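# 3D model of this:
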Amino acid sequence: MSSPSLMSSARSQALLQQALAHHQAGRLPAAAALYTQLRTLAPRTFDPWHLGGVAALQLGQLPEAVQLLTRALALNARSATTHMCLGLALASLGRNVDAEIRLREAVRLAPANHEAWTHLASVLVISGRLDEAADCYQRTVKLKPDYAQGWSGLGSVLQLQNRNDEAILHHSRALELDQHHPKARLARAQALQSTHRLQEALNDFDAHLARNPDDLEARSYRLLLLNYSSDIPRETLFAEHVAFGRQASANAARRPPAPATPAAALSDLPHRKLSIAFLSPDLRTHSIAYFVEPLLRHLDRERFEITLYHDHFVSDETTARLKTHAARFRNFIGLSADVVESQIRADAPDILIDLAGHTGLNRLPLYARRLAPVQINYLGYPATTGLREMDFRFTDALADPVGKTDAFHTEQLIRFAPTAWTYAPPAGAPAPAPPPSTRGGPFTFGSFNNLSKLSAATLRLWSAVLAAVPGSRLALKSFGLSRERLLPQLAAAGISTDRVELLAAPPALADHLALYSHVDVALDPFPYHGTTTTCEALWMGVPVITLAGDRHATRVGVSLLTAASHPELVALTGADYVSIAQRLASDSAALTALRSRLRDDLARSPLLDHAAQTARFGDALLACWEKPRASSAASTLAPAVCTP
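Purely as a prediction, here's the structure:
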């Protein structure tokens, strides 16, 4: 037996109208309170359950939204809008399988509902089913050709499929329809950055931030872009990062205070393992895995318990391998910041380590909320995070010389080992090959770095190298390689395009590594050095010339080459860089001998001494944990304390 409908009760009707007025005006708590009254008055009436669920969803009260919307569907199972909203709530809680079921029911009941198709596409993206997501967005824009969100969403899927030029066109279409669309300009900036059109990307970032100054995601992507410029002084770069940190702190301060860490948790370490959590979108087949997996494998399980927080829709064989080293593994992809915060607080790690910095899909604003007693940045990014809440940054004394780079970090620098990296060479790498110039070809310099690193200063320097070695060539390989865009940049730097070979990027890693057999000597870009590319080149027997600078990004090569026992490949000036290139090109016997031993030199280096590097890493973690317990000012930790 059902209760009378709301429409039959004058009081209920009046309350509903009041609630709707509050709801439409954005006064969500007031609306939610009235919907609660209505559910008491008419518990078997659909509207207060559905609308209350919508209000809870908008307020971010996700479990309550699920409960209310589920009850609404029990009263009216044919409400496509309720199915859609329930799908959104479930997706925000990470329940993507359940969310997809609800969203598919929404589009079945209302196949012309373009919003439901858009939300279904979003869930499919999180599940990594990009082709299906693209189909949903295609259906969206067919249903509603003037729907900017549909065009931008389709552009974002194309970006994930590395179809960035097409993505730019779709984001541009969205901006034609809505010049103030909240995400299209930001997404286009990211796509432009991925196609190495850095100035155009910067223009879009700046335009977006002029209208959305509190968008920390956009600020973070922009900071990554600034690292590629050879024209920005480190003082300016540091100030930009501090501004990000200041905004993140201000946003965090507006939130309710976080629960305090129980005193017992801070005092019983002698009786338990230290809980270490790593947060990264790159716990998959990615460069980061080469450097973090050895640490995970060798960390002392008697002293440490490991939690891994992955944050990407791709989980592959590398992810599965990394999972075996962790006591706990979670994937945060698609989850709201509040849900991620709640989960991390429930896990209560002692130390939370960020492996992303200002690279894509990072969660840096969450660190401003102080998620763990000790927070550390490591590996993924070549500069400060700008967050005062990030206590430490792990590095070494060559990448960050003592007294010379500390002032440009909000974190305290912990120089924990001779080199900050622990490298795991890829399995199945082919054997190093002799120099190609000894096999009848021209002397070939090469770079397999991200093309965004090829700054104007880099290209001018490489032009000087080619001029100093007559008949030499330059081989380049990178994702997003565009002859039409790159060759004019090379020509502007004085590099004749007939001396340039553009290599296609093969899909298989072994084939990628085999391409080093086409390169006599690798050239490191400036001011953003390579890391994985340098290690790979050395493993394949190819020497790398690097130019030392005044900040971490310009000193990675110094650390790696010194660790590999080849500091003679480090140039202190541009003239040194050219001179080293001339010397290597002028003596084929010496170059052949050098290439024959580079893999062994790397194998004997600290980079591949995984057990020792991990022991140093573990000792540094313990020291960083102990010091804040003894003093409330983490910045008092002297670098020597964490240096073996």
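# Could you give the number of residues near residue 10?
Residues contacting residue 10 under the criterion other C-beta atoms under 10 Å number 8. C-beta here means a position set from N, CA and C on the backbone, and glycine is covered the same way.
# pLDDT at it, what is it?
At residue 10, the model reports a pLDDT of 77.
# could you check the distance from it over to residue 16?
From residue 10 across to residue 16, the span is 11 Å (C-beta to C-beta, to the nearest Å).
# Could you chop this protein up by domain?
Domains of the chain are assigned by automatic domain parsing as 9-201, 268-419+612-642, 436-604.
# Those domains: lowest mean pLDDT?
Note on the domains of the chain: domain 268-419+612-642 shows the lowest mean pLDDT, a mean of 91.
# got a markdown table for the domains of the chain, with distance to residue 216 too?
A markdown table is the format used below for the domains of the chain (distance: least, C-beta to C-beta, whole Å):
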| stretch | distance to residue 216 |
| --- | --- |
| domain 9-201 | 11 |
| domain 268-419+612-642 | 5 |
| domain 436-604 | 22 |
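# Residue 228: which of those is closest?
domain 436-604 (5.0 Å; C-beta to C-beta).
# Near residue 572, how many residues? Count them for me, please.
Residues lying near residue 572 (other C-beta under 10 Å) number 11.
# For it, which non-adjacent residue is closest in space?
Leaving aside its sequence neighbours, residue 572 sits nearest to residue 548 (C-beta to C-beta, 6 or more residues apart in numbering; 5.6 Å).
# From residue 111, how far off is the one you found?
Going from residue 548 to residue 111 by C-beta to C-beta gives 62 Å.
# Then residue 247?
43 Å.
# Compare neighbour counts for these two and give me the winner.
Between residue 247 and residue 111, counting by other C-beta under 10 Å, residue 247 is the more crowded of the two (18 against 12).
# the helices in the stretch 451-600 of the chain, which residues?
456-468, 483-492, 509-514, 532-539, 556-563, 574-586, 588-603 (DSSP state H, counting those that start in this stretch).
# whoops, I mixed them up, the stretch 251-400 of the chain
For the stretch 251-400 of the chain, the helices defined by DSSP H, counting those that start in this stretch occupy 263-267, 287-298, 317-323, 337-347, 364-367.
# How about the stretch 1-150 of the chain?
Ranges of helices in the stretch 1-150 of the chain, per DSSP H, counting those that start in this stretch, are 10-24, 28-41, 46-58, 62-75, 80-92, 96-109, 114-126, 130-143, 148-160.
# Neighbours of the nearest residue in space to residue 448 that is not next to it in sequence, how many?
Leaving aside its sequence neighbours, residue 448 sits nearest to residue 477 (C-beta to C-beta, 6+ apart; 4.6 Å). Using other C-beta under 10 Å, residue 477 has 22 neighbouring residues.
# Residue 477 against residue 513, yeah?
No - in this structure residue 477 lies outside contact range of residue 513 using C-beta atoms under 8 Å: 11.3 Å.
# contacting residues for residue 305?
The contact partners of residue 305, taken as C-beta atoms under 8 Å, 6 or more residues apart in numbering, are 273, 274, 275, 276, 327, 328.
# And it, how far from residue 436?
Separation of residue 305 from residue 436 (C-beta to C-beta) stands at 49 Å.
# Next: residue 464.
22 Å.
# Pretty sure residue 53 sits against residue 82.
Yes - between residue 53 and residue 82 there is a contact under C-beta under 8 Å: 7.3 Å.
# can you pull the contacts of the closest residue in space to residue 333 that isn't next to it in sequence?
Excluding its sequence neighbours, the residue lying closest to residue 333 (C-beta to C-beta, 6+ apart) is residue 313, at 5.1 Å. Residue 313 makes contact with 125, 126, 127, 128, 333, 334 under the criterion C-beta under 8 Å, 6+ apart.
# Ok, residue 413 next?
With contact taken as C-beta under 8 Å, 6+ apart, residue 413 is in contact with 392, 393, 395, 400, 405, 406, 639.
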